[in-house]
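K.L.:
quick one, structure for this:
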Amino acid sequence: MGDSKDGNKLLTEPLTYVLFGSTGDLARKKLFPALGALMVNELIPKDVKVICCSRKDLKMEELFEKQAVNLSDEAKKLLLPRCSFFKNKEAGDYKKINEDIEAYVKEKGGPDNRIFFFSLPPFAYESTSELVKSHCYSKSGFTRLILEKPFGKDSESFEKLAKATGKFFSEKELYRIDHYLGKEVVLSLPSIRFGNQIFEPLWNRNYIESVHIEWKEDLNTMGRGGYFDKYGIIRDIMQNHLLQVLVLIGMEKPKSMSEISEAKLALLKSVKTIEMKDVLLGQFIAKKYCHYCKETENPGYREDPTVPNDSKVPTYAMLKLCIDNERWKGVPFLMSAGKALDERKCEVRIRFKPDSNPLFKESNRSNELVIRIQPDESVYFVVNIKKPGLSQSAVPKVLDLSYSQQFRGSSTGDAYERMLLNCAKGEQALFVTTGELIEAWRIFTPLLHTIDSKKPEPVYYPFGDGGPKGYREFAAKNGVKLKETWQEFFLLHAHEQKLLSDLFEKHSHEGSLKMTDIKALVSEFYDGREPTGQMLESFMKAFDENNDGKVSWEEFSRGAHLFVPWTATTRTSSTLEDLSGFSVGPEYE
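P.N.:
Numbering: from 1, shown residues only. Purely as a prediction, here's the structure:
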């Protein structure tokens with residue numbers, strides 16, 4: 001098959017996937033389900049060969065029983081007969097793997113195409129690469145390596161890692177995964193930009209005021225505290241996933257989709273190195289919260305038993321990036337990411353400059369293009385339009401493309417399905433090149449070294465807040481206006497009884513908020529869009545004390561007050577009580 005992208009050849013020629021680290025979480029959660037889905041949908045050969053490897057000696061049935069828990073019955077039936085198990089501890093093990101693949105190819109006939117998935121710690125890359133090259137390299141087809149992050153911790157460690165694999169394999173044989181590049185909405189970014197004439201003429205510093213790329217998670221480190229503490233939020237999310245999104249937003253138009261890596265690299269070379277003055281760091285602490293108006297407590301980061309008691313590793317960061325080229329000079333690109341925040345989401349918000357000579361001066365609001373990556377995948381445009389009636393006043397409304405509505409019944413596929421399939425096709429556009437990673441680490445390494453060496457005190461924020469104290473001011477100072485979520489509204493205004501009363505009266509009927517009223521209320525904080533089921537469930541958990549499906553004024557008022565964290569003097573967390581210099585801002589008191 002060579003480098004052919006012909007789907008028919010892919011289905012008829014021999015294809016082997018070798019999974020190193022097949023006993024791990026990634027294999028269970030992503031790799032086995034992805035391979036099963038590809039087989040069910042007939043996107044890879046029905047007689048594909050899958051070799052599962054581990055340094056421990058296991059039986060295939062035993063491994064599959066544990067690792068195939070996320071597969072459908074149909075996928076299990078198709079995948080298990082194609083799987084075999086081998087140890088990969090020493091050279092002799094690799095020779096046996098090679099013999100098994102050669103026997104399969106001889107029986108099937110055709111080129112010997114092999115893909116090795118490295119779900120391994122970085123220190124094992126060099127030795128494993130050497131053993132694959134020495135004993136398992138295909139003589140008649142392609143050999144490709146899929147590499148999983150982390151790709152080092154800084155420029156120096158990535159250079160060592162790149163040399164470790166580059167000794168034995170060419171750049172065309174290396175497929176480095178950033179699974180965000182396989183997400184459906186991220187895949188759509190080039191078509192949004194370059195497939196619609198309405199956007200490209202406006203996509204520059206003359207019309208765009210700011211760009212905010214935001215990632216939020218409403219969970220703690222979920223037992224990964226020990227791993228996370230070695231990397232922090234910047235290495236874990238921002239230097240890779242969010243930077244790739246930024247590049248797709250900012251790059252010039254490539255000559256073709258096969259040359260998209262060159263366009264991405266050119267944009268990265270224009271991004272200035274980040275300085276400490278352009279960063280806000282935070283770390284979450286314990287907080288009581290309201291679950292159907294019953295106080296519950298979420299633990300802080302340092303209360304994770306796998307995290308050191310004195311850790312200053314940031315779980316939140318907001319930073320400003322500057323792109324020094326003709327298109328973007330002077331436009332602030334703000335990137336923010338945090339764990340244990342008020343909601344789960346990832347989106348890009350592009351704010352356009354307001355009209356300098358508006359016809360409707362009383363409602364000259366900026367247009368915004370919002371690209372919602374997850375959840376509730378969508379692309380929507382906030383525009384100004386005349387309000388129905390006798391007046392000429394304009395109001396902001398949404399032109400909304402929701403994936404769930406516009407593409408009903410469509411299967412988006414998992415990012416790992418795309419990665420495994422595209423690697424087999426020889427398509428590298430969804431993977432990250434060595435050049436891109438060199439530039440990505442250039443941008444972030446000085447900042448990361450400063451954080452690692454000086455260990456600046458993070459700004460502490462209670463679990464479930466929108467971010468650390470001062471994050472809204474930091475964004476505004478750097479040219480980005482943030483909108484309040486409904487959670488932030490109650491956090492900031494819980495003691496303003498008149499404001500709460502007005503909001504309740506505006507939406508309530510017969511003394512309570514019913515579901516239709518709650519949808520309208522939450523919609524105000526979601527750009528006027530239909531709120532998701534998860535948003536409504538979160539709201540009800542916060543206010544519906546008796547779980548009767550509606551919210552009375554008494555429940556509304558009590559629930560609002562439970563959004564305000566208790567002060568430092570009443571915190572009971574043993575890991576925080578000795579923090580020197582810790583104070584709570586006035587909005588938290």
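K.L.:
rest of the way, CA atoms for contacts and neighbours
P.N.:
Will do.
K.L.:
which one's the longest helix in the protein?
P.N.:
When the chain is parsed with DSSP state H, its longest helix is helix 434-454.
K.L.:
run through who's touching the helix or strand that it is followed by.
P.N.:
Remark: after helix 434-454, the chain's next helix or strand is strand 459-462, criterion DSSP states H and E. Strand 459-462 has contacts (CA atoms under 8 Å, 6 or more residues apart in numbering) with 281-287, 300, 467-469, 565.
K.L.:
quick check: which of these has the minimum pLDDT.
P.N.:
Lowest in pLDDT among the contacts of strand 459-462 is residue 565, which has 58.
K.L.:
show me where the stretch 451-589 of the chain has its strands.
P.N.:
Along the stretch 451-589 of the chain, counting by DSSP state E, counting those that start in this stretch, strands occupy 459-462, 512-513, 551-552.
K.L.:
nearest to residue 192, of the ones you listed?
P.N.:
Taking CA to CA, strand 459-462 is the member of the strands of the stretch 451-589 of the chain nearest to residue 192, at 35.9 Å.
K.L.:
thinking again about what came up before, can I get the strands of the stretch 451-589 of the chain in a markdown table with distance to residue 489?
P.N.:
Below are those laid out as a markdown table (distance: least, CA to CA, whole Å):
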| stretch | distance to residue 489 |
| --- | --- |
| strand 459-462 | 15 |
| strand 512-513 | 17 |
| strand 551-552 | 17 |
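K.L.:
single out the most deeply packed of those.
P.N.:
The highest average neighbour count among those, using mean count of other CA atoms under 10 Å, belongs to strand 459-462 at a mean of 24.
K.L.:
show me how far it is from its chain's centre.
P.N.:
Relative to its parent chain, strand 459-462 has a centroid offset of 22 Å by CA atoms, centre = their mean, to the nearest Å.
K.L.:
what's the average pLDDT for that strand?
P.N.:
On average, strand 459-462 scores 93.
K.L.:
with just CA atoms, put that strand into PDB.
P.N.:
C-alpha atoms of strand 459-462 as PDB (Å, rounded to 0.1, in the frame of the first residue of the first chain):
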ATOM      1  CA  VAL A 459      -3.800  32.500  43.600                       C
ATOM      2  CA  TYR A 460      -6.000  30.100  45.400                       C
ATOM      3  CA  TYR A 461      -9.600  29.600  44.200                       C
ATOM      4  CA  PRO A 462     -12.400  27.500  45.800                       C
END
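K.L.:
for it, which strands pair with it and how are they oriented?
P.N.:
With DSSP bridges as the test, strand 459-462 is paired with strand 279-285 (parallel).
K.L.:
who does the longest helix of the chain touch, helix- and strand-wise?
P.N.:
helix 155-166, helix 260-269 (3 or more CA pairs under 8 Å, 6 or more residues apart in numbering; DSSP states H and E).
K.L.:
and residue 199, which of those is closest to it?
P.N.:
helix 260-269 (18.3 Å).
K.L.:
can you list contacts of the closest one?
P.N.:
Contacts for helix 260-269 (CA under 8 Å, 6+ apart): 247-248, 250-254, 323, 429, 432-433, 435-436, 439-440.
K.L.:
re the thing from before, could I get the helices and strands packed on helix 434-454 as JSON lines with distance to residue 306?
P.N.:
Shown next, in JSON lines, are these (distance: least, CA to CA, whole Å):
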{"stretch": "helix 155-166", "distance to residue 306": "24"}
{"stretch": "helix 260-269", "distance to residue 306": "35"}
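K.L.:
and among the ones you listed, the most buried is which?
P.N.:
Most buried among the helices and strands packed on helix 434-454, given mean count of other CA under 10 Å as the contact rule, is helix 260-269, at a mean of 20.
K.L.:
so where's this structure uncertain?
P.N.:
1-7, 289-295, 360-364, 411-412, 564-589 (pLDDT under 70).
K.L.:
which residue of it lies farthest from its centroid?
P.N.:
Each residue of the chain has a distance to the centre, and by CA atoms, centre = their mean the biggest one is for residue 390: 45.7 Å.
K.L.:
that one falls within a helix, correct?
P.N.:
No: using DSSP: H, G, I helix; E, B strand; the rest coil, the assignment for residue 390 is coil, not a helix.
K.L.:
pop out the phi and psi values for it.
P.N.:
Here the main-chain torsion angles of residue 390 (degrees, to the nearest 10) amount to phi -80, psi -20.
K.L.:
ok, it - contacts?
P.N.:
Per CA under 8 Å, 6+ apart, neighbours of residue 390: none.
K.L.:
one more: residue 347?
P.N.:
Residue 347 is in contact with 213-215, 370-374, counting by CA under 8 Å, 6+ apart.
K.L.:
for it, name its beta-bridge partners.
P.N.:
For residue 347, the beta-bridge partners under DSSP bridges are residue 214, residue 372.
K.L.:
go on, the one 5 residues further on?
P.N.:
According to DSSP bridges, the partner residues bridging residue 352 are residue 208.
K.L.:
would you mind measuring from it to residue 149?
P.N.:
From residue 352 over to residue 149 the distance is 35 Å, taken as CA to CA, to the nearest Å.
K.L.:
sweet, I'm off.
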